[in-house]
Structure formats: structure tokens, C-alpha cells
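S.K.: just need the structure, nothing else, for what follows:
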Amino acid sequence: MKKKVQETSDSKSKKKTGVKVSSHGRAYITVTFNNTLVTITTESGDAIAWGSSGASGFKGTRKSTPYAATVAVESAVGKAIEKGLKTVDVYVKGPGSGRDSALRAIRSGGLSISSISDITPIPHNGPRPKKKRRV
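M.R.: Modelled structure (predicted):
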């Protein structure tokens, strides 16, 4: 029979409590056809706050609406402003319907946008397409 070894508080891994936040950061918005994901980071890439349409309480087809994107972005922006963020560079990725409303939500949430970049991946030729369907 094995004895259980009791762990002390020193040996347990501790969670990062606070990231050093300057006034400038980055906002990564991924807009798919089914969801909207927002991550607000520092200049070095450490996450400050995040949000998504699903985490905001939307389910099913309502997650893909522009309103759900607005709610998700506003919740993430609120958390980031509490930690001291003031301006962001915005990086938008994806083809979804919440792109414009997400940018408006950042602006109305209290952050000022210094630049907007579209980082949607576009294939330069991509893989070989499927063969033509014969009926």
C-alpha cells in the first residue's frame, strides 16, 4: 500500500496573478462563420483579457451575429481597461459577419485604435482541388 505524500504550498504551481500592462497593447479578433474570438494582449504577446460569443452566453446560430461579436468584444475591452490599457493595434482575421461591429465595440468600449490590420490567411495557390464530380 502506497502512502500519499502531502504537498506543501511551495511545491504547487502558482497561477500568474498579474501581467505587467503598459498603456499600449494589441487586440486579435478572429471572426469565423460560427463564432467571434477576441484576445487582448500586451506588446510582447502576454494575454490580458479574452472573450468570445460563446462565453458571452450565445448559443447556436446567434453566436455568429454581429451583436454577439459586439458583446464579446465589450466584455474583453472592459477587463483590459481595468488593468490599465488605453490604446490598441487591432488585427482582424477571418471572413465572418462581426468584423465591423467588433471594431466599433472596441471604440465604444473606451480603447483608442492606433492601427487596423487584416491578417486573414490567403493561399497563394493552395492544395490541389478535388476531382470533378461525375453524376
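
S.K.: so which residues of this protein form strands?
M.R.: Assigned by DSSP state E, the chain shows strands spanning 24-31, 36-42, 47-52, 87-93, 112-118.

S.K.: off-centre distance for the third one?
M.R.: Between the centre of strand 47-52 and the centre of its chain there are 5 Å (Cα atoms, centre = their mean, to the nearest Å).

S.K.: do the first one as well
M.R.: The gap between the average C-alpha position of strand 24-31 and the chain average comes to 6 Å, counting by Cα atoms, centre = their mean.

S.K.: the fourth one now?
M.R.: Averaging C-alpha coordinates over strand 87-93 and over its chain gives two centres that are 10 Å apart (Cα atoms, centre = their mean).

S.K.: which residues sit against that strand?
M.R.: The contact list for strand 87-93, computed with Cβ atoms under 8 Å, 6 or more residues apart in numbering, reads 23-31, 40, 80, 99, 102-103, 106, 111-121. For the C-beta atoms, the positions are set from N, CA and C on the backbone; glycine is no exception.
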